[in-house]
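In: please find the sequence and the predicted model below.
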Protein chains: 2
Amino acid sequence: MKIITTIGAGQMASALSFPAVENGNTVRLVGTPLDRDIINTGKSKGFHPTLKRQLPENGIEYYQIEDVERALKGADVVICGVSSFGIDWFVDNILPIIPEDIPLLSVTKGMLDMEDGTMINYPEYFESKLVSNKNLSINAIGGPCTSYELADKDHSLVTFCGKNIETLRMLKNIFEAPYYHISLSTDVKGVECAVALKNAYALGVSLAIGLAIGRDGSGIEHYNSQAGLFGQGVREMKHLLKIAGGGEDNIVLSAGDLYVTVFGGRTRKIGTLLGRGFSFEEAMEQLKGVTLESIVIATRTARGVRHMAERGIVKLEEFPLLLHVDNIINSGASAADIPWQSFETEKF
Amino acid sequence: MKIITTIGAGQMASALSFPAVENGNTVRLVGTPLDRDIINTGKSKGFHPTLKRQLPENGIEYYQIEDVERALKGADVVICGVSSFGIDWFVDNILPIIPEDIPLLSVTKGMLDMEDGTMINYPEYFESKLVSNKNLSINAIGGPCTSYELADKDHSLVTFCGKNIETLRMLKNIFEAPYYHISLSTDVKGVECAVALKNAYALGVSLAIGLAIGRDGSGIEHYNSQAGLFGQGVREMKHLLKIAGGGEDNIVLSAGDLYVTVFGGRTRKIGTLLGRGFSFEEAMEQLKGVTLESIVIATRTARGVRHMAERGIVKLEEFPLLLHVDNIINSGASAADIPWQSFETEKF
């Protein structure tokens, strides 16, 4: 029986309570300053307002952020469950107070681009922000898993990554459930890169959905064009994985994660709106209030690629889909101008 | 202006008429003995009864099989457009009468397993059936492309493969259209293996659709489990590609093709029925009359893998999804018993 302190009471972090509690562990769900209502509603009704599910009746304790130190006391694992947009809040406020002997497991997916174009993943970013000599075990979850379906106990296959296989096995032991299947990998760069990039490319694939259904939304969804973009996405992700120094076998994770993201919620929505011909500003207006990690990761990765191209490390023409997505988001390009011909290859 | 003689007037072969004719070429559409109605209807009304589309008004000539020699005379390219089930008919009746100077381009996807478990693709099979000294240029089309959408001129990205890059460029020149984008590859083993296998794995992914919607079909589709199987499918295909001696970069094709096949027609139907809990015999009964290449390729590949395992070339535990699909089809296993735990990996 372990104590899991989850920082951030968003959908995915909260959904992880299901397998954890089912295995007899206790979850201390700590809201960020943005999660006050979630914690209040959870405490009073056991209901999660954005996950739209009853949380397990027993085994969950609810904390507001003021009580975070109490929630950390005696914990066996800390979950970082903030969104990409809360990562710096987490680094500034939480990372310094996690005791050295408690491993961190992050569900937040994403990468940051450095000035020279190098991409670093969130575990590396956390690492870089530790005070000197602090030795924290930083682990992360990747792989195709939407929070709703995890809460509904549908089968999901994910990967926990971190530097130490024994720590990973301990974490797996806490969360493995008949519906939550966990692979382990010490290739943190590979896993994190694979799963971060998929948001950018899911947006790219979704453009084809919007292009098919049209501005008025009355058209019929087509799949050849989605599949063409899917294949091109896999090609570019494979290349980015290699540049990031991750094992190329992680493309298996990218592909599965790309698949689920094309069907899931927000990224599909923005990509479809852009494909239908709305400008980025119009599309964002329609999705007001929604956090769009796909926009952030596409922008950062494209910026990284452009910087690396300046340094001669990559060629821009190797990433036509990423750059097209970035041009739509950041330079007003039309989604309809998909650079199909630049996806054609000759291999001999 | 070229003359393209298409043997087999099925959906994909006929859909290829659109880009070919649009580019000013002439298509001679030759029905197999099973295509008599298609040819008659095409000749009288210009309508394709199974593609359910009007074919281009000008540029197509219709031939019954008795006139095949006349249709081959003066042709610049021959298309093999039969289904997997017609491949031996094609080998026995057509391959011997194709003149040496006319390149063959095959749309038929599939592989055969030899007694020792080795898998060979259809171009290799054709090659093995040529009379000695006959030197025929054998090329094939792979990549995600459903015939309906090609006929509707939606964007598709495919790959032509063959031994000679110049021949491939000539073929691309005939078919490339603003909506039909063509990559070229001389890695025939890789391309053909990548695109043949996807049928078996699309059936595997579709099981999750059926499991979610349930026996009575009233459930809601879930994506985590589909994505888990999708990732596992990509993993196993990647491994099979390597064994087949194809470049692993072809996984890009497998992934895109798997994506479109999960959405397209027949393979999804059988996989969903099996997932819903119908036995293989019940499912086949419901799909009466439909040709199911996925069943053939799954059975052959599993048989090949088992033979290779006996010879110590592969380990059976590397292909749990393929073997599960095969066990459902050929040994009455329950689709619900997806071997999730065997998909878990440890990498360190």
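Out: Yes, it's here. Numbers count the residues shown, from 1 in each chain, chains lettered A, B, ... in the order given.
In: now for chain A: which helix has the highest residue count?
Out: If you go by DSSP state H, chain A has its longest helix at helix A:188-213.
In: check which element follows it along the chain.
Out: Counting by DSSP states H and E, the next helix or strand C-terminal to helix A:188-213 is helix A:224-244.
In: same for that next one, what does it pack against?
Out: Judged by 3 or more Cβ pairs under 8 Å, 6 or more residues apart in numbering or on different chains; DSSP states H and E, helix A:224-244 is in contact with strand A:119-121, helix A:188-213, helix A:251-263, helix A:293-310, helix A:320-331, helix B:147-151, strand B:156-161, helix B:251-263. Every C-beta, even on glycine, is put in place using the N, C-alpha and C of the backbone.
In: domains in chain A, by residue range?
Out: According to automatic domain parsing, chain A comprises the domains A:3-186, A:196-343.
In: do the longest one and chain B meet at all?
Out: Yes: using Cβ under 8 Å from any Cβ of the partner chain, we find that domain A:3-186 touches chain B at A:143-146, A:149-150, A:152, A:154-157, A:165, A:181-186.
In: any chance of a ChimeraX selection covering the buried ones in the residues you listed?
Out: To isolate the buried members of the residues of domain A:3-186 next to chain B in ChimeraX, using 16 or more other Cβ atoms under 10 Å in any protein chain shown:
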select /A:143,144,145,146,149,150,152,154,155,156,157,181,182,183,184,185,186
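In: what about the longest helix of chain A, distance to the chain center?
Out: 11 Å (Cα atoms, centre = their mean, to the nearest Å).
In: can you redo the domains of chain A as JSON lines with mean pLDDT?
Out: Output for the domains of chain A, formatted as JSON lines (pLDDT from 0 to 100):
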{"stretch": "domain A:3-186", "mean pLDDT": "96"}
{"stretch": "domain A:196-343", "mean pLDDT": "92"}
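In: among the ones you listed, which is the most enclosed?
Out: With neighbours defined as mean count of other Cβ atoms under 10 Å in any protein chain shown, the domains of chain A peak in mean count at domain A:196-343, which reaches a mean of 21.
In: what about it, start to end distance?
Out: End-to-end distance of domain A:196-343: 22 Å, with Cα to Cα, to the nearest Å as the criterion.
In: my read: A:Gln341 touches B:His181, true?
Out: Yes: at 6.6 Å, A:Gln341 and B:His181 qualify as touching, with contact defined as Cβ atoms under 8 Å.
In: which residues of the stretch 1-150 of chain A fall in helices?
Out: Along the stretch 1-150 of chain A, counting by DSSP state H, counting those that start in this stretch, helices occupy A:11-15, A:17-22, A:36-45, A:68-72, A:87-93, A:122-129, A:147-151.
In: who's A:Phe160 bridged to?
Out: A:Ile141, A:Leu184 (DSSP bridges).
In: quick one, what contacts the nearest residue to A:Glu127 once chain neighbours are set aside?
Out: Leaving aside its chain neighbours, A:Glu127 sits nearest to A:Ile138 (6.1 Å; criterion: Cβ to Cβ, 6 or more residues apart in numbering or on different chains). In this structure, A:Ile138 makes contact with A:Pro103, A:Leu104, A:Ser106, A:Pro123, A:Phe126, A:Glu127, A:Gly162, A:Lys163, judged by Cβ atoms under 8 Å, 6 or more residues apart in numbering or on different chains.
In: repeat that for A:Ala298.
Out: A:Ala298 makes contact with A:Asn199, A:Ala200, A:Leu203, A:Leu322, A:Val325, A:Asp326, A:Ile329, according to Cβ under 8 Å, 6+ apart.
In: quick check, nearest of the residues you listed to B:Val191?
Out: A:Leu322 (24.4 Å; Cβ to Cβ).
In: distance of A:Cys80 relative to chain B?
Out: Relative to chain B, A:Cys80 is positioned 21 Å away (Cβ to the nearest Cβ, to the nearest Å).
In: if I look at the residue of chain A most remote from its centre, how far off is chain B?
Out: What lies farthest from the middle of chain A is A:Phe348; by Cα atoms, centre = their mean that is 36.8 Å. Distance, A:Phe348 to chain B, using Cβ to the nearest Cβ: 4 Å.
In: contact partners for that residue?
Out: Applying Cβ under 8 Å, 6+ apart, we find A:Phe348 in contact with B:Ile165, B:Leu184, B:Ser185, B:Thr186.
In: mind doing that once more with 10 Å?
Out: Counting by Cβ atoms under 10 Å, 6 or more residues apart in numbering or on different chains, A:Phe348 touches B:Cys161, B:Gly162, B:Lys163, B:Asn164, B:Ile165, B:Glu166, B:Leu168, B:Arg169, B:Leu184, B:Ser185, B:Thr186, B:Asp187.
In: you'd agree A:Glu124 is up against A:Leu130?
Out: No: A:Glu124 is beyond contact range of A:Leu130, at 11.1 Å (criterion: Cβ atoms under 10 Å).
In: before we move on, the earlier item: between A:Gln341 and B:His181, what contacts are shared?
Out: B:Leu157.
In: rewinding a little: so which of the domains of chain A is nearest B:Phe278?
Out: Among those, the nearest to B:Phe278 by Cβ to Cβ is domain A:3-186 (19.9 Å).
In: what residues does stretch A:284-292 touch?
Out: With Cβ under 10 Å, 6+ apart as the criterion, stretch A:284-292 contacts A:10, A:83-86, A:199, A:203, A:265-267, A:269-270, A:273-274, A:278-279, A:283, A:295, A:298, A:329.
In: now with 7 Å?
Out: A:Ser83, A:Phe85, A:Arg266, A:Lys269, A:Ile270, A:Leu273 (Cβ atoms under 7 Å, 6 or more residues apart in numbering or on different chains).
In: contacts only, for the residue lying closest to A:Lys134 once chain neighbours are set aside.
Out: Spatial nearest neighbour of A:Lys134, chain neighbours left out: A:Glu100 (6.2 Å); criterion: Cβ to Cβ, 6+ apart. Contacts here follow Cβ under 7 Å, 6+ apart; on that basis A:Glu100 touches A:Lys134, A:Asn135, A:Leu136.
In: ok, the nearest residue to the second one once chain neighbours are set aside to chain B distance?
Out: In space, and not counting its chain neighbours, A:Asn135 is closest to A:Glu100: 5.7 Å by Cβ to Cβ, 6+ apart. As defined by Cβ to the nearest Cβ, A:Glu100 lies at a distance of 22 Å from chain B.
In: got it, and A:Thr32?
Out: According to Cβ to the nearest Cβ, A:Thr32 and chain B sit 25 Å apart.
In: for that residue, grab phi and psi.
Out: phi -80, psi 180 (degrees, to the nearest 10).
In: now it. Nearest residue, chain neighbours left out?
Out: For A:Thr32, ignoring the flanking residues on the chain, the nearest one in space by Cβ to Cβ, 6+ apart is A:Gly8 at 5.3 Å.
In: the one you found contacts A:Phe85, doesn't it?
Out: No: taking Cβ atoms under 7 Å as the definition, A:Gly8 is not a contact partner of A:Phe85, at 10.9 Å.
In: wait, which of the contacts of stretch A:284-292 is closest to B:Val21?
Out: For the contacts of stretch A:284-292, the closest approach to B:Val21 (Cβ to Cβ) belongs to A:Leu273, at 35.8 Å.
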